[in-house]
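1. here is a sequence with its predicted model. Questions after.
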Amino acid sequence: MRNELAELWRFRGLLLQLVRRDLKVRYKNSRVGILWSLAPPLVQVLCISFAMRNAISLAQDFPSYILFVLVAQIPWVYFQTAVLDSSQSILLMMGVIRKVYLPREIIPLANAISNFFHFLITWLVFLVFWFGLRGGRILFPEILWFPYLIVVQFCLVTGLSLFASALNVFYEDVKYIITVVMNFAFFLLPIIYVVEMPYYKGARMFQGVGMSLYMLNPMASLITGFRKSLLEPPLPRAIGGDSFPLDTANLLTAGLISLLVLVGGYAYFNSRKWQFVERP
Amino acid sequence: MSRATPDSSRTGNSMPDTQAGRSDPAILIDDLHKTFAIQHRQAGTLKRAVLNVFRRPSREYKEVLHGLNVRIEHGESVALIGRNGSGKSTLLSLIARVYKATRGSIHVNGRIAPLLELGAGFHPDLTGEENLELYGSILGLTIPQLRAKYDSIVSFAFDTPDMAEKIDTPLRNYSDGMKMRLGFSIAVHTDPDILIVDEVLAVGDEAFQQKCYKKIEEFQHAGKTIVFVSHDMHIVRQVATRVLWLHSGTIRMDGPVEEVVDAYLKAAEHPDFQEENAGV
């Protein structure tokens, strides 16, 4: 793996170029470019908020429910788009790697990095709402976890991207499977609700060991972590009981799992990468 | 990469590390075998892989190169000839590091410019200039290097002002010929030591082809190495200093141009050869 990393370092210029290409293409073709690309998650959050408040009345007592969804939606959209994009990335560049040598991992990496860049930018949307609805009150020391969570999520997403991109070369239904799984995950993850809500409602899946298992999913931990590092806990009235404190052990576990996913994804990718062009 | 030649300061990057001196050959191929897996159906799906998990994979393997030994010195211009399916393109791809050898080794001393396909990696939404930077970095140049060569790349590719004007419009407005011109121009400006060419010289109009051949002559005078595949014996006679005749994955003949070309043409007239050829 050491040689692979050295080779990757030698091609860092190309990696940068591919990231730039992705971002340029993404922000091009429209006058407002970057602003336009921020709209979809925002519109989604507004719709969710409207539906939850007025149709299901789940979030009636939730002050600034929009913020709670937004803070989960931002990492979620990054996760979903990056993994889906990368699963296609090698096939899209097949024409190039059949003709020119370049370290193959550059392709999904460029994808993951450009999506990461976009992820950082989307936090600006959050900032606007945060100041507007909550005056941007910073929680100390919880806020210190924020950069850690960003890094952990990058590891997780990049690892899965490497894995998905390699797998999709050999099994072309992988991208459809990922799409279906993502649809489930949206509801399984605490995006439109916070974990305390099903817990206090007595949902069996969320009691005792169930909750620990649920939190082993790094995305569940990360989303919960982002919330608790940025937003004041919601009132007991809104979620059915006291809000859980930020769980340090949980976040450290998520970091470890994400790191393993990254190393595992990279190792798997490297074990398959020379077979891409020879795909039967 | 360490090279004893005076211009070793150039940052070559697509080559494995070798201890090389002046006496080392440009390309050293030692007992080179290449095997491809053949599957008699379309690319697999994960569904099928899971269903077939207990079945043995039905794979056939076909060896297309059976232990080649070739030594190409610096400054040689080697033509690869042979009928379709004889392994010429596979050999070129192996030299360009697109494939990995199944057995044996290839050592390359110097920077390669693979002209296997011109403009692999061009993106239609980016401008000519942006694509220039992207393709240039795929071929291993840094952005400062590309900026320095920018003018000569553009003026070589587009000789009329109205063509050159298009450099800052998206590539989808380019004709195929113009894309090829740009691709060729970038590739030859990477300052390669070794040029790998797969019948891509039928580029653009008559005038541009003349320009390409002039460029190739310049390379030869500068003592660079050229390896190319061609079915056009006229071109082979004009450009090559040595001819390798490949036949079903082995070297049938290796030597001076006239000798090998004459033998090849004679064999091609033979009815058996015609039949074999048609069968491929």
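-> That came in fine, so what should we check first?
2. which parts of the stretch 51-200 of chain B sit against chain A?
-> Selection of the stretch 51-200 of chain B residues close to chain A by CB under 8 Å from any CB of the partner chain yields B:59, B:93, B:96-100, B:112, B:114, B:116-117, B:120-121, B:123, B:125-126, B:130, B:133-134, B:137-140, B:142-143. Yep, even glycine has a C-beta here, placed from its N, CA and C like the rest.
3. and A:Leu213, how far from A:Gln207?
-> Note on A:Leu213: its distance to A:Gln207, by CB to CB, to the nearest Å, is 11 Å.
4. for chain B, what are the nearby residues on the stretch 151-280 of chain A?
-> A:167, A:170-174, A:177, A:274, A:277-280.
5. narrow those residues to just the buried residues.
-> Those of those that meet the buried threshold are A:167, A:170-172, A:174, A:177, A:277-279, by 16 or more other CB atoms under 10 Å in any protein chain shown.
6. how near is the spatially closest residue to A:Ser64 that is not a sequence neighbour to chain B?
-> Nearest non-adjacent residue to A:Ser64, counting by CB to CB, 6 or more residues apart in numbering or on different chains: A:Leu133, 4.3 Å away. Using CB to the nearest CB, to the nearest Å, A:Leu133 is found at 37 Å from chain B.
7. confirm that A:Leu133 sits in a helix.
-> Yes. Secondary structure assignment places A:Leu133 in a helix (DSSP: H, G, I helix; E, B strand; the rest coil).
8. secondary structure and pLDDT for the residues of the stretch 151-280 of chain A next to chain B - can I get that in CSV?
-> Shown next, in CSV, are those (DSSP: H, G, I helix; E, B strand; the rest coil; pLDDT from 0 to 100):
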residue, secondary structure, pLDDT
A:Leu167, helix, 92
A:Phe170, helix, 87
A:Tyr171, coil, 86
A:Glu172, coil, 81
A:Asp173, coil, 86
A:Val174, helix, 89
A:Ile177, helix, 92
A:Trp274, helix, 90
A:Val277, coil, 86
A:Glu278, coil, 82
A:Arg279, coil, 74
A:Pro280, coil, 60
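9. farthest pair in those?
-> Greatest spatial distance among those (CB to CB): A:Ile177 and A:Trp274, at 24.5 Å.
10. residue ranges of the strands in chain B, please?
-> B:2-3, B:19-20, B:27-38, B:60-72, B:77-81, B:103-108, B:112-115, B:194-198, B:225-229, B:242-247, B:250-255 (DSSP state E).
11. quick one: closest of those strands to A:Phe184.
-> strand B:27-38 (34.6 Å).
12. just the angle for the closest one relative to strand B:77-81, thanks.
-> 30 degrees (axes from the mean of the first three to the mean of the last three CA atoms, to 10 degrees).
13. report the buried residues of strand B:27-38.
-> B:27-29, B:32, B:34.
14. kindly report the same for stretch B:237-254.
-> In stretch B:237-254, counting by 16+ other CB under 10 Å, buried: B:239-240, B:242-247, B:249, B:251-253.
15. span of that stretch from start to end?
-> Start-to-end span of stretch B:237-254 (CA to CA, to the nearest Å) is 14 Å.
16. for the record, mean pLDDT for that stretch?
-> In this model, stretch B:237-254 carries a mean pLDDT of 93.
17. and the contacts of that stretch?
-> B:63-70, B:76-83, B:85-88, B:91, B:213, B:216, B:220, B:226, B:228, B:236, B:255-261, B:263-264 (CB atoms under 8 Å, 6 or more residues apart in numbering or on different chains).
18. in the stretch 151-280 of chain B, which spans are helices?
-> Remark: helices assigned in the stretch 151-280 of chain B by DSSP state H, counting those that start in this stretch are B:161-164, B:176-188, B:206-221, B:233-239, B:257-269, B:271-279.
19. tell me the most buried of those helices?
-> Most buried of these, by mean neighbour count (mean count of other CB atoms under 10 Å in any protein chain shown): helix B:176-188, with a mean of 22.
20. that helix packs against which elements?
-> Contact here means 3 or more CB pairs under 8 Å, 6 or more residues apart in numbering or on different chains; DSSP states H and E; on that basis helix B:176-188 packs against strand B:112-115, helix B:128-138, helix B:143-157, helix B:206-221.
21. okay if I get these as JSON lines plus mean pLDDT?
-> Output for the helices and strands packed on helix B:176-188, formatted as JSON lines (pLDDT from 0 to 100):
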{"stretch": "strand B:112-115", "mean pLDDT": "84"}
{"stretch": "helix B:128-138", "mean pLDDT": "88"}
{"stretch": "helix B:143-157", "mean pLDDT": "89"}
{"stretch": "helix B:206-221", "mean pLDDT": "85"}
